[in-house]
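**Q** What follows is a predicted structure for the sequence shown.
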Amino acid sequence: MSSEVIAKPPSRDASEKEQESYPPIVPGASLLLALRLANRPILLIGGGVVASQRLYFLLESSAHITIISPGPLHPSIQYRIDDPATSPQITWLNRPYLGRQDEVKVKDYDLVMTAIDDNDLSKETCELCREEKVMVNVADIPPQCDFYFGAQLRKGPLQILISTGGLGPRSGAMIRDLILRVLPSDIEDSIKGIGALRADLRKRAPGVGGQLGQERMDWMKDTSDTWGLDLMRRFNDEELRKEILDKGWESRKIIGPNDLSGVASTWTQRIWSMVGQRDWTVGMGGFGLGVAVTSLGVMILQRQGRL
Ligand SMILES: C[C@@]1(CC(=O)O)c2cc3[nH]c(cc4nc(cc5[nH]c(cc(n2)[C@H]1CCC(=O)O)[C@@](C)(CC(=O)O)[C@@H]5CCC(=O)O)C(CC(=O)O)=C4CCC(=O)O)c(CCC(=O)O)c3CC(=O)O
Ligand SMILES: NC(=O)C1=CN([C@@H]2O[C@H](COP(=O)(O)OP(=O)(O)OC[C@H]3O[C@@H](n4cnc5c(N)ncnc54)[C@H](O)[C@@H]3O)[C@@H](O)[C@H]2O)C=CC1
């Protein structure tokens, strides 16, 4: 496994030597982002199984989705339209989309997705989107997509997306399942814990940038590293958070799990012993390996000019 295939952007704390050896840029990647789409208008054209998958993820991101497709729809789409929990998020136009002639205009949407069995109409929709500079995913013509979907897994606030650069969607899903198997089943509790600690710290030390911002980031980073992923779940205990903020942050010290005293220590340790210790490093090593192997495969194909 060559280390050059692993993305290495500049680091906050890289040593000067590392800073000097800038890794070469390897082009051809997609920019992996986490789009925040709450209440944003999204146009989804088509009503089959692929559209039903798009709809599911769009609903989870709290977007507002306009679906244009003649019925009958895929049953899961119809279900979401009928379900009072999701119906306010969906506008269904029960008719075919007419491309350039359609009264619905792509410029009124933040993103457009086509999932239809009509290549020509997909191309026309894509052209319209280019003219209006609206990002588009065309399920049947990958080279025309501005963005791809990927195999996804979600555990509360944690989300992981696997992209194979359009080469092997099914293999992406298999890698996702591999990651799922090695992830601790309750990792979301750790993420929620560290989120609660960050929020409390921001309340004590509000503001952006400057000396305080730098100290806040250094303290958070060192505290995260000291506790590790596994023990971060303990930050869900409000009393424990208060203790490490009082004793640690206020004097800019890092308080580790063994530095705790009193009540917080005793009862959180009791809960902890009930949950049981696990070695996460083995699992996370597997995760890193899986992702790196995928990247390596994609890189090889890129170098061979097949991407
Ligand atoms: C480029 C991309 C564009 C995009 O969709 O954004 C695209 C394109 C195409 N997929 C096709 C086929 C299949 N797609 C799947 C499955 C998924 N496809 C997904 C993504 C992507 N598919 C994007 C690149 C992803 C990446 O970079 O890795 C996933 C990951 C996410 C999702 O769709 O939400 C989801 C798995 C999610 C999960 O299981 O969780 C299966 C398997 C199955 O259904 O189980 C098959 C049949 C088997 C096969 O062909 O492999 C065809 C028709 C090919 C033909 O006609 O022969 C095209 C068009 C083409 O390739 O021309
Ligand atoms: N990206 C991906 O993950 C995958 C992409 N595909 C591609 O996606 C396309 C759609 O796949 P499926 O959902 O399986 O097809 P499907 O045949 O189940 O559904 C097609 C849908 O498009 C609708 N439709 C057709 N013409 C329309 C129009 N003018 N306006 C609005 N709606 C219209 C149909 O009513 C139907 O609901 C296929 O062309 C296929 O190449 C297929 C599998 C996976």
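**A** Received it, and whenever you're ready, just let me know what you need. Ligands and ions are numbered 1, 2, ... in the order given.
**Q** Going by C-alpha atoms from here, please, whenever you check contacts or count neighbours.
**A** Noted.
**Q** Next, count neighbours for the nearest residue in space to Val106 that is not next to it in sequence.
**A** Leaving aside its sequence neighbours, Val106 sits nearest to Cys129 (C-alpha to C-alpha, 6 or more residues apart in numbering; 6.3 Å). For Cys129, the number of neighbouring residues by other C-alpha atoms under 10 Å comes to 21.
**Q** How about residues contacting the strand or helix carrying Cys129?
**A** Here Cys129, judged by DSSP states H and E, is contained in helix 119-132. Residues from elsewhere that reach helix 119-132, judged by C-alpha atoms under 8 Å, 6 or more residues apart in numbering: 98-100, 106-107, 112, 114, 116, 135-136, 138, 140-141, 144.
**Q** Kindly present these as JSON lines, with separate columns for distance to Val208, neighbour count and secondary structure.
**A** Output for these, formatted as JSON lines (distance: C-alpha to C-alpha, whole Å; neighbours: other C-alpha atoms under 10 Å; DSSP: H, G, I helix; E, B strand; the rest coil):
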{"residue": "Leu98", "distance to Val208": "48", "neighbour count": "13", "secondary structure": "coil"}
{"residue": "Gly99", "distance to Val208": "46", "neighbour count": "19", "secondary structure": "helix"}
{"residue": "Arg100", "distance to Val208": "46", "neighbour count": "14", "secondary structure": "helix"}
{"residue": "Val106", "distance to Val208": "37", "neighbour count": "25", "secondary structure": "helix"}
{"residue": "Lys107", "distance to Val208": "35", "neighbour count": "16", "secondary structure": "helix"}
{"residue": "Val112", "distance to Val208": "35", "neighbour count": "24", "secondary structure": "strand"}
{"residue": "Thr114", "distance to Val208": "41", "neighbour count": "29", "secondary structure": "strand"}
{"residue": "Ile116", "distance to Val208": "46", "neighbour count": "21", "secondary structure": "coil"}
{"residue": "Met135", "distance to Val208": "32", "neighbour count": "18", "secondary structure": "strand"}
{"residue": "Val136", "distance to Val208": "35", "neighbour count": "24", "secondary structure": "strand"}
{"residue": "Val138", "distance to Val208": "40", "neighbour count": "23", "secondary structure": "strand"}
{"residue": "Asp140", "distance to Val208": "44", "neighbour count": "16", "secondary structure": "coil"}
{"residue": "Ile141", "distance to Val208": "43", "neighbour count": "14", "secondary structure": "coil"}
{"residue": "Gln144", "distance to Val208": "40", "neighbour count": "16", "secondary structure": "helix"}
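**Q** out of those residues, who's near ligand 2?
**A** Filtering the contacts of helix 119-132 for proximity to ligand 2 by C-alpha under 6 Å from any ligand atom leaves 98, 116, 140.
**Q** Pull the contacting residues for the first one.
**A** Same thing as Leu98. Counting by C-alpha under 8 Å, 6+ apart, the residues that Leu98 touches are Leu121.
**Q** before we move on, what about Lys155?
**A** Residues near Lys155 by C-alpha under 8 Å, 6+ apart: 187-188.
**Q** How about the residues of this structure by ligand 2?
**A** For the chain, the residues in contact with ligand 2 (C-alpha under 6 Å from any ligand atom) are 45-51, 68-70, 73, 96-98, 115-118, 139-140.
**Q** what about Ala51, neighbour count?
**A** Residues lying near Ala51 (other C-alpha under 10 Å) number 23.
**Q** which of the ones next to ligand 2 among the contacts of helix 119-132 lies closest to Gly248?
**A** Comparing those against Gly248 with C-alpha to C-alpha places Asp140 closest, at 54.7 Å.
**Q** I'd say that closest one and Gly166 touch.
**A** No. Shown here, Asp140 and Gly166 do not form a contact pair, counting by C-alpha atoms under 8 Å, at 11.4 Å.
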